[in-house]
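*Asks:* Provided below for reference: sequence and predicted model.
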Amino acid sequence: MTASAKEAGATVVRPVSWDDAAAVALREAMEEEMGARYADLLASAPDYLPKGMNVEPETVVYTGIAYTGEGVPVGHVALRRLDGDLELKRMFVAPSHRGTDVARALLAAAEDAARALGAARVVLQTGHRQPDAVRLYEREGYAPIPLFPPYEQLAGSHCFAKPLA
């Protein structure tokens, strides 16, 4: 296995460009799911999401897609530069493949990419309506940290970091 492809069972994570068709489709699926989870908050407070939540493509240093053994894209992860750190962004696993270690494979691939880029740690933010994500990150060695910009303005944020030894 090379550093560019991380395997977990029959799942392989491959690096792709940010604008890769599978990456775009998986991010759209994530936006739809998150829109439904947070619909009431978004409807009641149009400015609920602070500036800086959008990912500017020029800040992205890694995008990975998890593929099944049959070549079906089932997961997405990205890393962006943010104030001297690498931030995990747009981590998503298709509902049909949750609980199958796809998320672990995506995290491992992103962490390997971060190490290759010389990062000392990876940081991330997730929301209070994503307890499954919180459990995954804690299980995989991410520890809670103080909220960092722009998430200190986002009610219900949980921020984490993992040192890359």
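*Replies:* Alright, I've got the coordinates. From a predicted model like this one, the values you see are computed outputs, not experimental measurements. Numbers count the residues shown, from 1 in each chain.
*Asks:* by average pLDDT, which secondary structure element in the protein comes out worst?
*Replies:* Ranked by mean pLDDT, DSSP states H and E, the helix or strand of the chain with the weakest confidence is strand 6-8, at a mean of 51.
*Asks:* per-residue confidence for the closest residue to Arg37 other than its chain neighbours?
*Replies:* Ranked by Cβ to Cβ, 6 or more residues apart in numbering and with sequence neighbours excluded, the top spatial neighbour of Arg37 is Arg129, at 4.8 Å. Heads up, the C-betas are built off the backbone N, CA and C, glycines and all. As summarised for this prediction, Arg129 has a pLDDT of 85.
*Asks:* report the secondary structure state of the most centrally placed residue in the chain.
*Replies:* With distances taken as Cα atoms, centre = their mean, Met91 lies nearest the centre of the chain, 2.5 Å away. Assigned by DSSP: H, G, I helix; E, B strand; the rest coil, the conformation of Met91 is strand.
*Asks:* wait, a strand at the residue nearest to Arg37?
*Replies:* No. Looking at Arg129 with three-state DSSP, it is coil, so not inside a strand.
*Asks:* list the contacts of it.
*Replies:* Shown in contact with Arg129 (Cβ atoms under 8 Å, 6 or more residues apart in numbering): Arg37, Tyr38, Gly156.
*Asks:* state the distance from it to Met91.
*Replies:* From Arg129 over to Met91 the distance is 15 Å, taken as Cβ to Cβ, to the nearest Å.
*Asks:* the protein: strands as residue ranges?
*Replies:* Assignment of strands within the chain using DSSP state E yields the ranges 6-8, 11-15, 60-67, 73-82, 85-93, 121-127, 143-145, 157-163.
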